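Colleague: dropping the sequence and predicted coords here.
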Amino acid sequence: MMEEIKSSLHIDLAAYRQPADVCTIQGNYGARPISIDLNKGTDDYDLTGLTLRLYVKKPDGCIVYMPLTPDDPVKGHIRIQPTAQMLAAAGAAQCEIEICEGDKRLTTIPFKLHIKPSLRDDDAIESSNEFSALQNALNKVGDLDGLPDRLEGMEGRIDALEEEGQDLPVATDEEVGEMLDEIYGGDDAPWPRVLRG
């Protein structure tokens, strides 16, 4: 089994100094994870219940935007496994971690991911944008194709039900109270007296 070569990074969210740079090699996806500890001063930054995303601006200007899951949310530990697309272009990539809760958003000071060029180019992939965080959100929304037709069909069914409902007799509060009295027995009924007449 191949052993991973892990890089470690500590980011203090309360400080405005540049975190250390991280180095990797073009095409080395799946074997060089980045372990990140998020802190607030000397305290761990608790990520419980928060939404995390990684935003990467690659050296060629393409963007990677992907969701992150913390390894240990209480201690603020995150593990980033760079994707093939993230490492497609050699050079210095700018990275930041976005932390969200409702309408609140916090990002880390950007850090650099230096992607050293590989000598092999026979299996190099073409660099492009990767928006897996956006794609995941769209997948949750579901299939939007044909949505207007489906809504129009529902609207037609609602109209038909409303028309059918107009033909039904309407009972007064007093009539409803009398029916309930017959079913449940007079003054011991569990509904307000206003319905009992």
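Modeller: Yep, it's here.
Colleague: elements contacting the strand ranked longest in the chain?
Modeller: Longest strand of the chain, by residue count under DSSP state E: strand 91-101. Counting contacts by 3 or more C-beta pairs under 8 Å, 6 or more residues apart in numbering; DSSP states H and E, strand 91-101 packs against strand 51-57, strand 104-107, strand 111-116. Any C-beta I mention is one placed from the backbone N, CA and C, and that applies to glycine too.
Colleague: okay if I get those as TSV plus distance to residue 174?
Modeller: TSV is the format used below for those (distance: least, C-beta to C-beta, whole Å):
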stretch	distance to residue 174
strand 51-57	54
strand 104-107	53
strand 111-116	74
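Colleague: those strands: which one's closest to residue 64?
Modeller: Residue 64 lies closest, by C-beta to C-beta, to one member of the helices and strands packed on strand 91-101: strand 51-57, at 4.0 Å.
Colleague: quick check: angle from the helix or strand following that closest one to strand 51-57?
Modeller: Counting by DSSP states H and E, the next helix or strand C-terminal to strand 51-57 is strand 63-68. Computed by axes from the mean of the first three to the mean of the last three C-alpha atoms, to 10 degrees, the angle separating strand 63-68 from strand 51-57 equals 160 degrees.
Colleague: which elements pack onto the next helix-or-strand element following strand 63-68?
Modeller: Counting by DSSP H and E, the next helix or strand C-terminal to strand 63-68 is strand 70-72. The contact analysis (3+ C-beta pairs under 8 Å, 6+ apart) places strand 70-72 against strand 77-80.
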